[in-house]
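Colleague: Predicted model follows, preceded by the sequence.
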Amino acid sequence: MYIVITNPMAGNGKAKRLLEEIQNEELFTIKNCRSFQTEFAGHGKTLIQSVLRTHPIPINGVIVIGGDGTLHEIVNGLMNYPDLPVGFIPSGSGNDFAKGLGLRLQGVELFRKLLTTPNASRIKIGQATCKHQNQKIRDYYFQNSLGTGLDSEIALLSNDSRFRKEVKKWHISQLQYVVALFKTLKKFKHVEAEVDINGRTVKYKSFLLTTIANHPFFGKGMKIAPNADVNSFSFSVILIEPLAKWKVLILFLTVFMGVHTRLRKVHELSGSSIKIKSTVPILLQLDGQSYWCVECHVKKSNNTLVFLTD
């Protein structure tokens, strides 16, 4: 049996339409697929945990239909099931993990491949141990990247329901990240934080952004960390010092080609243990989802997850 988790809102309804196509496939019945849909933001984690607890029949795998945010929720719900294969059918707005994983097929064709003759990769997921302002400590997991600064502010705005309705109203959903960049840049200054990489404190204290990447892509295909490798035991760490706003726009254009790391105030480092600490709460994005903390320790999780690929 396969569990199929779909976020019907992903990709402005694209995921829901894709699920309907997949449910009409003969393979959906042959493989005894069971379909479940998320109902609100954050639901994916508790939904997959509930499904796994209540289904006594052995489960062959979990298929996720949605975007990076949906997959993020499912990944956080599966860390106690390291041997349960996960297949990702990208149908959201960004789908960066699909690029990082090297998926070539899409939609129904990818569904058929994942359920019949898939390849499998065991991947170490990023783990962020975060201390909150109330001193509580929680672990969060990410498959793409963790960041603070401009990218986390853009993610916060992009996830705002009013903002989403606005870009949908003007039929510019495909440019959602670009619109969010321009709106955020108007008021954004920089982030003050101390960053340690493998026990050594970096000399920079002010950042436009700090991104800890598990693979090269974020923000709908931007190659933020050209040297990152999803199969590596280390992260690629991108540190960008504060820039004038017009220089940020130039930076934005170069990121798509991955040549921004040649700029003087852009630094690409490597590390397996990264700590971010601030005297005030800082906003983080993990796979485009927003979290607040005052201190964060990032490493590769001890557990790996099995991802099905084409």
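Modeller: Cool, the structure landed.

Colleague: mind listing what the residue nearest to G219 when sequence neighbours are not counted touches?
Modeller: Using Cβ to Cβ, 6 or more residues apart in numbering and skipping residues adjacent in sequence, the residue nearest G219 is Y177, 5.2 Å away. For glycine as for every other residue, the C-beta is placed from the backbone atoms N, C-alpha and C. Neighbour list for Y177: S93, G94, I154, S158, G219, K220 [criterion: Cβ atoms under 8 Å, 6 or more residues apart in numbering].

Colleague: got these as JSON lines, with secondary structure, distance to K14 and pLDDT columns?
Modeller: Shown next, in JSON lines, are those (DSSP: H, G, I helix; E, B strand; the rest coil; distance: Cβ to Cβ, whole Å; pLDDT from 0 to 100):
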{"residue": "S93", "secondary structure": "coil", "distance to K14": "9", "pLDDT": "83"}
{"residue": "G94", "secondary structure": "coil", "distance to K14": "12", "pLDDT": "81"}
{"residue": "I154", "secondary structure": "helix", "distance to K14": "22", "pLDDT": "94"}
{"residue": "S158", "secondary structure": "helix", "distance to K14": "17", "pLDDT": "90"}
{"residue": "G219", "secondary structure": "coil", "distance to K14": "19", "pLDDT": "81"}
{"residue": "K220", "secondary structure": "coil", "distance to K14": "14", "pLDDT": "80"}
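
Colleague: between those residues, which is closest to V294?
Modeller: I154 (21.3 Å; Cβ to Cβ).

Colleague: distance of the closest one from L209?
Modeller: Noted for I154: a distance of 9 Å to L209, by Cβ to Cβ, to the nearest Å.

Colleague: Which residue ranges of the stretch 151-300 of the chain form helices?
Modeller: Assigned by DSSP state H, counting those that start in this stretch, the stretch 151-300 of the chain shows helices spanning 161-169, 176-185, 245-255.

Colleague: Out of the ones you listed, which is the most enclosed?
Modeller: helix 176-185 (a mean of 18; mean count of other Cβ atoms under 10 Å).

Colleague: Using PDB, write out every CA atom in that helix.
Modeller: Once non-C-alpha atoms are left out, helix 176-185 reads as follows in PDB (Å, rounded to 0.1, in the frame of the first residue of the first chain):
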ATOM      1  CA  GLN A 176       5.400  35.900  -6.600                       C
ATOM      2  CA  TYR A 177       9.000  35.600  -5.400                       C
ATOM      3  CA  VAL A 178      10.100  38.600  -7.500                       C
ATOM      4  CA  VAL A 179       7.200  40.800  -6.200                       C
ATOM      5  CA  ALA A 180       7.900  39.700  -2.600                       C
ATOM      6  CA  LEU A 181      11.600  40.700  -3.100                       C
ATOM      7  CA  PHE A 182      10.700  44.200  -4.200                       C
ATOM      8  CA  LYS A 183       8.200  44.700  -1.400                       C
ATOM      9  CA  THR A 184      10.600  43.400   1.200                       C
ATOM     10  CA  LEU A 185      13.600  45.300   0.000                       C
END
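
Colleague: Which of the contacts of Y177 are buried, as a PyMOL select command?
Modeller: Remark: buried members of the contacts of Y177, expressed as a PyMOL selection using 16 or more other Cβ atoms under 10 Å:
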select buried, resi 93+94+154+158+219+220
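
Colleague: among the contacts of Y177, which two are most distant?
Modeller: S93 and I154 (12.6 Å).

Colleague: just to revisit the earlier point, and the contacts of Y177, which is closest to L305?
Modeller: Using Cβ to Cβ, the contacts of Y177 come closest to L305 at G94, 19.5 Å.

Colleague: ok, the closest residue to V195 other than its chain neighbours - contacts?
Modeller: Computed as Cβ to Cβ, 6+ apart, the closest residue to V195 that is not its neighbour in sequence is V202, at 4.9 Å. Contact analysis of V202 by Cβ under 8 Å, 6+ apart lists V195, D196, L239, L269.

Colleague: can you check V108 too?
Modeller: L18, E21, I22, E25.

Colleague: if I read this right, V280 contacts W292, doesn't it?
Modeller: No: look at V280 against W292 with Cβ atoms under 8 Å: they stay out of range, at 10.2 Å.

Colleague: These two: which has the busier surroundings?
Modeller: Remark: of V280 and W292, W292 carries more neighbours, 13 against 9, as counted by other Cβ atoms under 10 Å.

Colleague: So that one versus K136, what's the distance?
Modeller: 12 Å.

Colleague: now the strands: where do they sit in the stretch 151-300 of the chain?
Modeller: 191-192, 194-197, 200-201, 206-207, 209-213, 217-218, 222-223, 235-240, 266-271, 273-286, 289-309 (DSSP state E, counting those that start in this stretch).
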